[in-house]
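**Q** Sequence first, then the predicted structure:
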Amino acid sequence: MLVASSPCPVPVSRALGAVAMNAARTEISLTDEQRRDAELGMAWWNNLPEYSRAAWLQKAKSAMPAAAYAAYKVTRDYALLYRAFVEPRDWRGTELTIFVEACSRAHALDKIARAIAVLEGREVDSDLRDRIYNLSDIQELVGEHLSEDIELRIFETSSGPDGNCYAREPIFLVAKPDALWRLWAKTQRTDRQS
């Protein structure tokens, strides 16, 4: 089935089933989970209105529906995730990169400020809050950064002619940090390969 006026004139089942096609070409079988994920992706794409398709493709920085679905999954799985940087208290400290789960930007700022106050053994005040900057939610992190691997965009701190830079020593203030630690470990392998 071809999708009319789609930015990608490839059959949706083929485009989202890229994993399945690659597996068939290389004679690798899909796991049930991969097959189910590809089917969910096809259903998700087929049910999107055209303007949403365009928005997700733009967010993924790709013309492939599979990339749009990957961007959607990251934002869905980490919907409450925020990232911020915290300037050191004085010249001897180091800048911190903190990830926190919060229901709003204000809630994220408050959680980060309270955590820093505990780490520094002090009260939360305006000076401490002023040291927290570039607070971004998951949508902003996925949409603004350049890594080809959409999940790694969460950890991207900058990019330049030498490649992307990722958070070096993140602090995770989340209920279940395991998945984030695994993703972050991938950035360290990516940094070494560059």
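**A** Cool, got the structure. Bear in mind the structure is a predicted one, so any value in this text is a computation, not a measurement.

**Q** element containing Ile116, please.
**A** helix 105-120 (DSSP states H and E).

**Q** Name the residues that touch that helix?
**A** For helix 105-120, contacts defined as CB atoms under 8 Å, 6 or more residues apart in numbering pick out 82, 84, 86, 89, 96, 98, 100, 102, 123-124, 128-129, 131-132, 135, 137, 171, 173. For every residue, glycine as well, the C-beta is placed using N, CA and C.

**Q** in it, what's buried?
**A** Ala108, Leu109, Lys111, Ile112, Ala113, Ala115, Ile116 (16 or more other CB atoms under 10 Å).

**Q** got it, and stretch 169-186?
**A** Buried residues in stretch 169-186, defined by neighbour count with 16+ other CB under 10 Å: Pro170, Ile171, Phe172, Leu173, Val174, Leu180, Leu183, Trp184.

**Q** Include pLDDT when you put these into a markdown table, please.
**A** Formatted as a markdown table, those follow (pLDDT from 0 to 100):
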| residue | pLDDT |
| --- | --- |
| Pro170 | 94 |
| Ile171 | 94 |
| Phe172 | 95 |
| Leu173 | 93 |
| Val174 | 91 |
| Leu180 | 90 |
| Leu183 | 87 |
| Trp184 | 92 |
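
**Q** For these, work out which two are farthest apart.
**A** Pairwise distances across the buried residues of stretch 169-186 (CB to CB) peak at 15.8 Å, for the pair Leu173 and Leu183.

**Q** Restricted to strands, list the buried residues of stretch 169-186.
**A** Ile171, Phe172, Leu173 (DSSP state E).

**Q** from these, which is closest to Lys73?
**A** For those, the nearest to Lys73 is Phe172 (19.4 Å; CB to CB).
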